[in-house]
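Have a look at this prediction, sequence included:
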Amino acid sequence: MTETSMNTPSGSLFAQDERTKKRNAAEKRFRMFGLAAIATGLLFLVILLTSILSSGLGAFQQTFINVPVYLDEAKLDKNGNRDIEDIKKVSTFGYNPLIQQAIFDSVTEQGIETPLAKAKDMKALLSASAAAQLRDDVIANPDLIGQTVTFRILASADVDGYLKGRVTRESVARDKNTDAAHLDLVDELRDAGVIKKSFNWAFITGADASESRPEQAGMGVSMVGSFFMMLVVLFLALPIGVAASIYLEEFAPQNKWTDLIEVNISNLAAVPSIVFGILGLAVFIQFAHLPQSAPIVGGLVLTLMTLPTIIISTRASLKAVPPSIRDAALGIGASKMQSVFHHVLPLAMPGILTGTIIGLAQALGETAPLLLIGMVGYIATDMPDGFFGGFLDPNSAMPAQIYEWAKRADPAYYERAWGGIIILLVFLLTMNIIAVILRRRFERRW
Amino acid sequence: MPLLWLVLIVLGLAAFGYVAGRASALKTANGDARLLHSLPSYYGYNVVLKVLAPAFLLLVLILIIQPTIINKSVSGMIPESEIGEGSSRGLVMAEVRRTADGLDNAVAAGVMDKEAARVLTTGSADVTQILKDAGQIVTNDITQPVLEAAQRYRVMNGAGNWLRAGAVILIALAGFFWAMKESHTEFRARNSVEKGVLAILIAGASVAVLTTIGIILSLIFNTIEFFRLYPALDFFTLLEWAPSFSGRGGSSSLGILPLLWGTLYISLVALLVAVPVGLFAAIYLSEYAGPKTRAFAKPLLEVLAGIPTIVYGLFALLTVGPLLLSVFGDDSGLGWMQGQRAVLTAGIAMGIMLIPFVSSLSDDIINAVPQALRDGSYGLGATKSETIKQVVLPAALPGIVGAVLLAASRAIGETMIVVMGAGAAAKLSLNPFEAMTTVTAKIVSQLTGDSDFASPEALVAFALGMSLFVITLAINIFALFIVRKYREQYD
């Protein structure tokens, strides 16, 4: 206590003196700091979510061109005998002029004036995948040849970007494919209903595409890769984690070995994830010669990574089962093992499942270890064939796919990456909600 | 015999064993289960355990050993002359394996029969073309030694697979008959099964230890290999990071110090964002907030912790970076910042990620300070904030330091944010607007690049990983020690 505070107050009790006012102001200030910190944290969350949603929702919309194409018999089937081998000989180069002509025709038909006087100028409007799409349809159904069929064709990334506001007249000035005249034409065609935006199922179910075709790329294949990885994690990490927890919590004697395991688990939980990637590379790929980029290797690495999480939460829920349950079982003649497996484990199950789901969610979003075992850089264009192919065929995974897109440094691919993040977060959100529901509904408080 | 069939056969035998063991035990008791030592199902489980455990153990052992033996014996067949410039024995062996797979596929596709695949020579047929026809991707023209090695590889693998199947089935059968012989009234089946289950539980617990051993071994062996090619002194003291791109080493300077500096600088920025915000949020939540605010704000803050790091990476690259550039870049007239990737970009994104980490750990620790300390302070007339500043925080300080250290170790080991937000050039600079790189980012770039796996440029990643592992481990152990010590103080 200082001397001043020992003095009797000079003024009225109802009027605060200078010092009290100062202390109260400091109190208020401190409180404000706390509130501001929470507000800052929440503000960051809001900024993060808005930038994800505002940049990513566009990926779920895609621009298509609806155009009737005359499938010229003279070009696609010169012999006229509809022999499938002959039709297959016509490469996508044979289809391109037909599509360009079709768009050009519909432009003239609508009476739109444009400086683009040649059918060839329409190329910039089209995705490079359009010809392949037509060719596949014709090969699947050769009777279409000679008819005029209306196709729904992917527009090029520039056109798509223009309708979404990503591409502007200024940015197009530096582009060598598209120029302002194309954008004018796109405006007219959109008003005429030829070019339309619609929901992009291909983004959710489709495969990755080459660097020059962002309009075609989708998450589907990498989702399958993630799914098989999660299967591996679930079927390895859950049993191993539960076995380890039961041993440590119920059976382990207090000795050096048990201490070692305990210290080990708490340290493993804090090892940087990239180190698990190094482990996977050295042990599973270099030493055991498992195939690179295969979901099974990714799954094994993620299993080792999630194991500590699952063990820690499983032990917590085993600990939460009161000892009276064990004592009662032992009292009526059950063995120690029977009391654990027949009584303690079922009662701890909701907690264990909650912990497992949270561990799986963590594994689903992990990227760094996957970089080292070759799951990034692999262009996932094909669905794996069959159940075992799903584990062994090279594939990508959702976060790896997002990273791959972000690396391509193309605004059209950035949009896909944000869109991929929305899909990933939807999965994580669902898993966490399931975990919360499980906990609320089944967890017993003793 | 394919692996899948082998596993299915053993599993089938185990299922049959359950039924047979149970039935045979009941038979010795003349159908009266009360005469048995254990419940009838335990006799069944006894058979299952004795079939599965030894068989699968042997299978795993063979699966680990077989490729090593075959690789060793086959790679001995490749003459030194076959290993070309810029290549290695490992690469040629990969070619051999591909060729062998190709021959398998060719046989399976019916392009050639088994006998032809065994005696094929490069002189008699265009092997590369045949394999390409069979849908196998082969890069080089296959030479005679490679082909011979591949044929040998196939033969050994084939024989090995049959041997493996035979051995595994034999041991499964042996287990089966052993357990069947035990299925009688006198046998203590439950005790035997419980002993087996306990062994399985212990094995589960050992996986964690094996993981650590695996991490340490894979780091140590490759690090030693690296130090054999590159002087350790240079690695730890050189102030320059400039790997040569030729993949042949020699002119590379691989000093860890610039990377370490980048790592620490970015972590420092991250902590400067995360610690004040996280700490004040924890203080407010635990000391001021009512139950309603707490129930609303705490889970929302923790959402930040559940978001994958790839999201923060993209956020740094596409939102934080451009934002900082528009404020500090050439456009605003300040001209401090040249590119979107910078120490600040990665640091801020990482700081946001660490906020819930700091806040929830500190929250726990502040809550653990005994109420009596607060009451004593209030009794002396202190205001709430004075109590917090002069009593609660000093009492919680060791724990909070531990929490900050744990956050720092998380920041040092973080990969995705720095790979996407921090840049690629290693620099020793104090300017937070400059792009720098970190240990983790370089591990990724050295191991995913084109350089040969045996070159110092690739192996350096293991030395970096080892340094990272040691640093984070030391910080973690120290932090856990502090936190535990502090908890004991008030327990």
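Perfect, thanks for sending it. Numbers count the residues shown, from 1 in each chain, chains lettered A, B, ... in the order given.

Please make it C-alpha for all contacts and neighbour counts, starting now.
Fine.

how about the residues of the stretch 1-150 of chain A near chain B?
Residues of the stretch 1-150 of chain A found near chain B (CA under 8 Å from any CA of the partner chain) are A:23-24, A:26-27, A:30-31, A:33-35, A:37-38, A:40-42, A:44-45, A:48, A:51.

what about the strands in chain B?
B:241-242, B:253-254 (DSSP state E).

Do I have it right that B:Met350 meets B:Ala411?
Yes: between B:Met350 and B:Ala411 there is a contact under CA atoms under 8 Å: 7.0 Å.

shared neighbours, those two?
B:267, B:270 (CA atoms under 8 Å, 6 or more residues apart in numbering or on different chains).

Can I take it that A:Ile153 is in a helix?
No: under the criterion used here (DSSP: H, G, I helix; E, B strand; the rest coil), A:Ile153 is strand, not part of a helix.

With adjacent residues omitted, what lies nearest to whichever residue of chain B sits closest to chain A?
Using CA to the nearest CA, the single residue of chain B nearest to chain A is B:Ala205, 3.9 Å away. Closest residue to B:Ala205 apart from its sequence neighbours, by CA to CA, 6 or more residues apart in numbering or on different chains: A:Ala244 at 3.9 Å.

check contacts around that neighbour.
Here A:Ala244 is in contact with A:311, B:201-206 (CA under 8 Å, 6+ apart).

mind redoing it with 7 Å?
A:311, B:201-202, B:204-205 (CA atoms under 7 Å, 6 or more residues apart in numbering or on different chains).

picking up where we left off before, now, of the residues of the stretch 1-150 of chain A next to chain B, which are buried?
A:24, A:30-31, A:33-35, A:37-38, A:40-42, A:44-45, A:48 (16 or more other CA atoms under 10 Å in any protein chain shown).

and those as CSV, adding secondary structure, distance to B:Pro291 and pLDDT?
Shown next, in CSV, are those (DSSP: H, G, I helix; E, B strand; the rest coil; distance: CA to CA, whole Å; pLDDT from 0 to 100):
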residue, secondary structure, distance to B:Pro291, pLDDT
A:Asn24, helix, 24, 91
A:Phe30, helix, 20, 93
A:Arg31, helix, 16, 93
A:Phe33, helix, 19, 94
A:Gly34, helix, 16, 93
A:Leu35, helix, 15, 93
A:Ala37, helix, 18, 94
A:Ile38, helix, 15, 93
A:Thr40, helix, 20, 94
A:Gly41, helix, 19, 93
A:Leu42, helix, 18, 94
A:Phe44, helix, 23, 94
A:Leu45, helix, 21, 94
A:Leu48, helix, 26, 93
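
Tell me how many other residues surround residue 372.
Went with chain A since none was named. Using other CA atoms under 10 Å in any protein chain shown, A:Leu372 is surrounded by 27 other residues.

Sorry, I should have been clearer: chain B.
9.

With B:Val48 instead?
Neighbour tally, B:Val48, other CA under 10 Å: 26.

One more: B:Ile417?
Around B:Ile417 there are 27 residues (other CA under 10 Å).

helix, strand or coil for whichever residue of chain A sits closest to chain B?
Relative to chain B, the nearest point of chain A is A:Ala244 (3.9 Å; CA to the nearest CA). Here A:Ala244 is recorded as helix under three-state DSSP.

mind checking how far it is from A:Pro308?
Using CA to CA, to the nearest Å, A:Ala244 is found at 10 Å from A:Pro308.

And B:Pro231, by the same measure?
Counting by CA to CA - B:Pro231 and A:Pro308 are separated by 36 Å.

quick one: low-confidence ranges for chain B?
B:1, B:82-91, B:109-142, B:245-250, B:450-452, B:488-491 (pLDDT under 70).

what does it put close to chain A?
The interface of chain B toward chain A, taken as CA under 7 Å from any CA of the partner chain, is made up of B:64, B:194, B:201-202, B:204-205, B:208-209, B:211, B:214-215, B:218, B:277, B:280-281, B:283-284, B:301, B:304, B:308, B:310-311, B:352, B:383-385, B:413-416, B:444, B:447-448, B:465, B:469.

and the stretch 251-400 of chain A, which residues reach chain B?
A:261, A:264-265, A:271-272, A:274-275, A:279, A:282-283, A:288, A:304, A:337, A:365-368, A:371-372, A:399.

Give me the subset of these lying in helices.
A:261, A:264-265, A:274-275, A:279, A:304, A:337, A:368, A:371-372, A:399 (DSSP state H).

Show me the helices in the stretch 351-491 of chain B, by range?
B:371-379, B:384-387, B:393-413, B:416-421, B:439-448, B:456-490 (DSSP state H, counting those that start in this stretch).

for chain B, longest helix please?
helix B:189-229.

By residue count, which strand of chain A is the longest?
Chain A, longest strand under DSSP E: strand A:61-70.

residues of that one that come out buried?
A:61-70.

Ok, stretch A:334-354 next?
Result for stretch A:334-354 [16+ other CA under 10 Å]: buried residues A:335-340, A:343-345, A:347-354.

swap in stretch A:78-93?
By neighbour count on 16+ other CA under 10 Å, the buried set for stretch A:78-93 is A:82, A:87, A:92.

ok, the second one touching A:Asn79?
No: using CA atoms under 7 Å, A:Ile87 and A:Asn79 do not qualify as a contacting pair, with a distance of 9.5 Å.

pretty sure B:Ser183 contacts B:Ser24?
Yes: counting by CA under 7 Å, B:Ser24 is a contact partner of B:Ser183 at 6.2 Å.

Between those two, point out the one with more neighbours.
Taking neighbours as other CA under 10 Å, B:Ser183 and B:Ser24 compare with B:Ser183 leading, 28 against 21.

In contact with that one: list those residues for me.
Contacts of B:Ser183 (CA under 7 Å, 6+ apart): B:21, B:24-25, B:43.

Where do the domain boundaries of the chain fall?
Picking chain A for this. A:60-199, A:220-442 (automatic domain parsing).

that's the wrong chain, I meant chain B
If you go by automatic domain parsing, chain B breaks into B:3-187, B:192-227, B:253-490.

now the strands for chain A?
Using DSSP E, strands in chain A cover A:61-70, A:148-154, A:195-199.

how about the helices in the stretch 1-150 of chain A?
A:3-6, A:18-56, A:73-76, A:84-89, A:92-109, A:130-140.

What average pLDDT does the first one get?
When the per-residue pLDDT values of helix A:3-6 are averaged, the result is 51.

now swap in the last one and tell me
Per-residue pLDDT values across helix A:130-140 average out to 82.

list the buried ones in it?
A:130-135, A:138-139.

What of the third one?
Judged by neighbour count using 16+ other CA under 10 Å, the buried positions of helix A:73-76 are A:75-76.

Centre of the chain to it, how far?
43 Å (CA atoms, centre = their mean, to the nearest Å).

what's next to it, contact-wise?
A:80, A:87, A:90, A:94, A:145-146.

any chance you could map the helices in the stretch 251-400 of chain A?
A:256-268, A:273-279, A:295-320, A:323-331, A:336-339, A:345-364, A:368-372, A:386-392, A:398-407.

Neighbours of the closest residue to A:Leu185 other than its chain neighbours, how many?
Leaving aside its chain neighbours, A:Leu185 sits nearest to A:Thr114 (6.6 Å; criterion: CA to CA, 6+ apart). Each residue near A:Thr114 was counted by other CA under 10 Å, and the total is 13.

Could you give the backbone dihedrals for A:Thr114?
Per-residue torsions, A:Thr114: phi -150, psi 140 (degrees, to the nearest 10).

Turn the buried residues of helix A:130-140 into a markdown table, columns for distance to B:Arg484.
Output for those, formatted as a markdown table (distance: CA to CA, whole Å):
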| residue | distance to B:Arg484 |
| --- | --- |
| A:Ala130 | 64 |
| A:Ala131 | 66 |
| A:Ala132 | 64 |
| A:Gln133 | 64 |
| A:Leu134 | 67 |
| A:Arg135 | 68 |
| A:Val138 | 71 |
| A:Ile139 | 70 |
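
Residue 58: neighbour count?
Assuming you mean chain A. Considering only other CA under 10 Å, A:Gly58 is surrounded by 21 other residues.

my question was about chain B
Neighbours around B:Leu58, by other CA under 10 Å: 17.
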